[in-house]
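A.B. asks: Need a 3D model of the following:
(one chain, ligands or ions: 1)
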Amino acid sequence: MPTILGQNQYGKAENRVVKITRDGATHHIKDLNVSVSLSGDMDEVHYSGSNANVLPTDTTKNTVYAFAKEHGIESAEQFGIHLARHFVTSQEPIGTARIRIEEYAWERIEHSGKGAHSFVRKGQETRLTQITYDGESWEVVSGLKDLVVMNSTDSEFWGYVKDKYTTLPEAYDRVLATQVSARWRFNWSDDAQEMPDWEQSYEQVKKDMLQAFAETYSLSLQQTLYQMGARIIDSSGEIDEVRFSLPNKHHFLVDLEPFGLKNDNEVYFAADRPYGLIEATVLRDGCEAKIPVDVTNL
Ligand SMILES: O=c1[nH]c(=O)c2[nH]c(=O)[nH]c2[nH]1
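C.D. replies: Alright, predicted model coming up:
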């Protein structure tokens, strides 16, 4: 059966690029997911396997990161236009470049610490609660998930155990980002007790969590987690226990040296997996831990 090739396109999809612009202690971030799709004179690679016209998808990825450094990211549109023009004008076989970009918006975390390098991703987190009643006593465990936060500085990680499989370089100024999943248990347990103001309590917990994240100079995500939990327990007398599940959303500095560019802590690859997963409970002293270890299904 004779066949012919129909429409075809190729490129690297979902290049996660985070650009941090450091204006003294005030940082600005642009966080994009960039997909490149190229088409043109690509019959041969499909018919015979000749790659003579093929700019590798890997190169299209590198171009995204290099352009973030060379041209900055003013807007998704400006960045996409630059990229599309580059591929079409620099590569003879490429007739059309389609650049798709998703942009994730961040806003600053208001806090009383110094610097302006703490951000929370826009878009509402999901608020959760679980009520259990056995006819006598109540257990109320509330929480949230998908609260994404980032510190673009004031995070280090070094002094850890090194064995023959350890390759991680020590970090003295890294990005710290996580997607908070938290559950907290109220000490209200019977109808005779006065009920907490649930709405106000939630707002206070969220505020304490964000501010502790922003204000902690972090030597590990574990340390930041503990500070977040301790801040909640300290300021909310109605809560005895907090459990966190914090994925370490790694941001790797992109090596731009091969392109003759210096990456001065500006352009990052935001990896989605694998991720470190840091989980712990913080308790009011003397209280019992009752929130299950695996909170993510709760
Ligand atoms: O904050 C961190 N805690 C770790 O336990 C860890 N492990 C790792 O590789 N990176 C990090 N970062």
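A.B. asks: pLDDT below threshold where in the stretch 151-298 of the chain?
C.D. replies: By pLDDT under 70, the weakly predicted segments of the stretch 151-298 of the chain are 297-298.
A.B. asks: what are the ranges of the strands in it?
C.D. replies: For the stretch 151-298 of the chain, the strands defined by DSSP state E, counting those that start in this stretch occupy 176-186, 239-248, 251-253, 267-270, 276-283.
A.B. asks: and Ser142, which of those is closest to it?
C.D. replies: Closest of the strands of the stretch 151-298 of the chain to Ser142 is strand 176-186, at 5.9 Å (criterion: CB to CB). Where C-beta positions appear, they are placed from N, C-alpha and C, glycine not excepted.
A.B. asks: Return the list of helices and strands in contact with the closest one.
C.D. replies: strand 138-151, helix 198-215, helix 221-235, strand 239-248 (3 or more CB pairs under 8 Å, 6 or more residues apart in numbering; DSSP states H and E).
A.B. asks: possible to save the strands of the stretch 151-298 of the chain as TSV with distance to the ligand?
C.D. replies: Shown next, in TSV, are those (distance: least, CB to the nearest ligand atom, whole Å):
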stretch	distance to the ligand
strand 176-186	7
strand 239-248	5
strand 251-253	11
strand 267-270	15
strand 276-283	5
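A.B. asks: Any chance of JSON lines for those, columns mean neighbour count?
C.D. replies: What follows is the strands of the stretch 151-298 of the chain, written out as JSON lines (neighbours: other CB atoms under 10 Å):
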{"stretch": "strand 176-186", "mean neighbour count": "24"}
{"stretch": "strand 239-248", "mean neighbour count": "23"}
{"stretch": "strand 251-253", "mean neighbour count": "17"}
{"stretch": "strand 267-270", "mean neighbour count": "22"}
{"stretch": "strand 276-283", "mean neighbour count": "16"}
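A.B. asks: can you list those in a markdown table and add distance to His28?
C.D. replies: Compiled in a markdown table, the strands of the stretch 151-298 of the chain are given as follows (distance: least, CB to CB, whole Å):
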| stretch | distance to His28 |
| --- | --- |
| strand 176-186 | 15 |
| strand 239-248 | 23 |
| strand 251-253 | 15 |
| strand 267-270 | 13 |
| strand 276-283 | 26 |
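A.B. asks: residue contacts, the closest residue to Asp191 other than its chain neighbours?
C.D. replies: In space, and not counting its chain neighbours, Asp191 is closest to Trp138: 7.8 Å by CB to CB, 6 or more residues apart in numbering. Contact analysis of Trp138 by CB atoms under 8 Å, 6 or more residues apart in numbering lists Ile131, Thr132, Trp188, Ser189, Asp190, Asp191.
A.B. asks: No further questions, thank you.
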